[in-house]
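Undergrad: model this:
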Amino acid sequence: MFSSRFHWDFRPNRLTQTLETRRRAGARILDLTESNPTRAGLAYPPEILRAFEDPRMLRYEPAPAGLSEARQAVASYYAARGCPVDTSRILLTASTSEAYAYLFKLLCNPGDQVLVPRPSYPLFDFLANMESVEVGRYPLSYHGEWAIDMESLAATLSERTRAVVLVNPNNPTGSYVKRPELEALVRLARERGLALISDEVFWDYPLLAGDGPVNALAEVEDCLAFSMSGLSKIAGLPQMKLGWIVVSGPQSLRTEAMEKLEWIADTYLSVGAPVQYAAAGLLEAGGLVRQQIRERTANNLVAARNLLSGSAANILMVEGGWYITVQVPQIRSEEEWTLGLLTSEDVLVQPGFFFDFECEAFLIVSLLTSPEVFREGMARLRRHVGKTTP
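TA: Numbering: from 1, shown residues only. This is a model prediction of the structure:
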């Protein structure tokens with residue numbers, strides 16, 4: 001009766017089951033996986049609520065690409081980053097996830113393929129499968145820092161590959177795309193007729209000074225490229241449901257892509273008027289939220305390094321974003337590490353295999369966690385590693 005898209009095992013995994021058991025028993029769990037900024041103890045400015053006092057919100061004026069005022073607010077955001085973007089290249093969506101769905105519809109026929117990085121966020125399989133699109137993976141290699149394995153990426157391409165997805169900076173590795181990598185990808189995309197899709201939701205959260213990372217792919221001119229972001233991360237407002245796509249590349253391809261994207265968006269008209277009219281105010285007020293997140297993540301990273309210094313746990317190189325990857329001794333599986341931390345220390349972390357790491361043992365920790373919980377949780381993590389390691 002139901003679509004074959006739903007082929008996943010929906011039963012809760014062992015970590016989820018154990019977490020529920022511990023919470024029912026009354027345990028106070030130190031959650032080091034927090035990814036929701038609205039639950040992270042940040043101070044939200046009152047201007048966010050005042051942004052919704054515009055009486056125009058009571059009118060319905062559907063615009064497939066988004067209201068011009070909201071698109072101009074997004075353009076101003078890019079201009080402030082030194083990346084001028086004309087509003088004619090911007091299309092609004094309800095979220096980055098919806099943006100992926102639109103782009104997969106735009107670029108792929110059923111059975112076509114998109115390449116995504118490994119390790120990376122686990123949502124790609126679900127998003128692609130819902131559009132009857134296959135996922136191929138190209139590796140990020142680690143030798144003191146993360147880098148795209150361009151040789152493996154090129155070898156993974158097939159006749160049905162339509163796009164290469166970048167996450168810049170990557171979640172959870174926190175690695176930015178470097179200029180030589182982007183130049184190689186643009187050449188490859190131009191030669192093979194591929195599109196580049198860049199998920200840039202964590203761009204505003206650098207953790208390492210330097211000039212290595214590239215700017216948004218909105219600057220790309222030699223191949224079709226799409227930059228994505230939204231209020232969820234850059235303003236700490238996931239509940240507002242506003243994202244966007246910026247289309248770049250040769251003018252003929254860019255124009256055709258925008259026309260087709262507007263057709264897709266016109267079919268759904270999913271972005272609400274209130275958040276569009278409030279967009280400029282939300283982006284401006286979001287600057288105060290971004291500053292808090294930057295301070296939180298930077299301070300927690302320093303604390304994590306201090307707390308794990310001299311232990312058998314090692315934090316891999318991280319350049320930006322909200323997460324760190326903690327390498328622990330390969331004397332047990334990642335599942336055993338996470339279950340042990342939860343049952344023995346009441347500390348919740350995520351295993352690397354959730355993010356498709358190719359080897360073990362890695363634990364993923366969120367730097368967005370409130371400082372008190374973060375420090376206590378990392379201290380217990382160190383203690384657990386010390387007790388477990390011979």
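
Undergrad: contacting residues for A273?
TA: Counting by CB atoms under 8 Å, 6 or more residues apart in numbering, A273 touches 56-57, 59-61, 67. Where you see a C-beta, it was placed from the backbone N, CA and C, and this is true even at glycine.

Undergrad: which among the residues you listed gets closest to V289?
TA: M57 (21.9 Å; CB to CB).

Undergrad: that older thread, which of the contacts of A273 count as buried?
TA: L67 (16 or more other CB atoms under 10 Å).

Undergrad: could you list the low-pLDDT ranges of this structure?
TA: By pLDDT under 70, the weakly predicted segments of the chain are 210-213, 390.

Undergrad: how is it divided into domains?
TA: 14-43+287-388, 47-285 (automatic domain parsing).

Undergrad: any idea which of those domains gets closest to R5?
TA: domain 47-285 (5.5 Å).

Undergrad: which stretches of this protein form helices?
TA: Assignment of helices within the chain using DSSP state H yields the ranges 14-24, 47-50, 68-80, 96-107, 124-130, 150-156, 179-192, 231-234, 251-268, 273-308, 334-345, 371-388.

Undergrad: CA atoms only: put the fifth one into PDB for me.
TA: Only the C-alpha atoms of helix 124-130 are listed here, as PDB (Å, rounded to 0.1, in the frame of the first residue of the first chain):
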ATOM      1  CA  PHE A 124      21.300  13.100   3.000                       C
ATOM      2  CA  ASP A 125      20.100   9.500   2.600                       C
ATOM      3  CA  PHE A 126      16.500  10.500   3.600                       C
ATOM      4  CA  LEU A 127      16.400  13.600   1.600                       C
ATOM      5  CA  ALA A 128      17.700  11.900  -1.600                       C
ATOM      6  CA  ASN A 129      15.600   8.800  -1.200                       C
ATOM      7  CA  MET A 130      12.400  10.900  -0.900                       C
END
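
Undergrad: that helix: how far from the chain's middle?
TA: Relative to its chain's centre, helix 124-130 lies at 15 Å (CA atoms, centre = their mean, to the nearest Å).

Undergrad: could you do the first one as well?
TA: Computed by CA atoms, centre = their mean, the separation of helix 14-24 from the middle of its chain amounts to 26 Å.

Undergrad: longest strand of the chain?
TA: Secondary structure of the chain per DSSP state E: the longest strand is strand 134-142.

Undergrad: so which elements touch that one?
TA: Judged by 3 or more CB pairs under 8 Å, 6 or more residues apart in numbering; DSSP states H and E, strand 134-142 is in contact with strand 113-118, helix 124-130, strand 146-148, helix 150-156.

Undergrad: flag every buried residue along that strand.
TA: Applying 16+ other CB under 10 Å to strand 134-142 flags 134-140, 142 as buried.

Undergrad: as a markdown table, those residues with distance to I148 would be great.
TA: Formatted as a markdown table, the buried residues of strand 134-142 follow (distance: CB to CB, whole Å):
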| residue | distance to I148 |
| --- | --- |
| E134 | 20 |
| V135 | 17 |
| G136 | 14 |
| R137 | 12 |
| Y138 | 7 |
| P139 | 8 |
| L140 | 6 |
| Y142 | 11 |
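
Undergrad: which residue packs closest to A79, ignoring adjacent ones?
TA: V85 (7.3 Å; CB to CB, 6 or more residues apart in numbering).

Undergrad: state the distance from the one you found to E262.
TA: 17 Å (CB to CB, to the nearest Å).

Undergrad: the two: who's more crowded?
TA: Between V85 and E262, V85 has the larger neighbour count (other CB atoms under 10 Å), namely 23 against 15.
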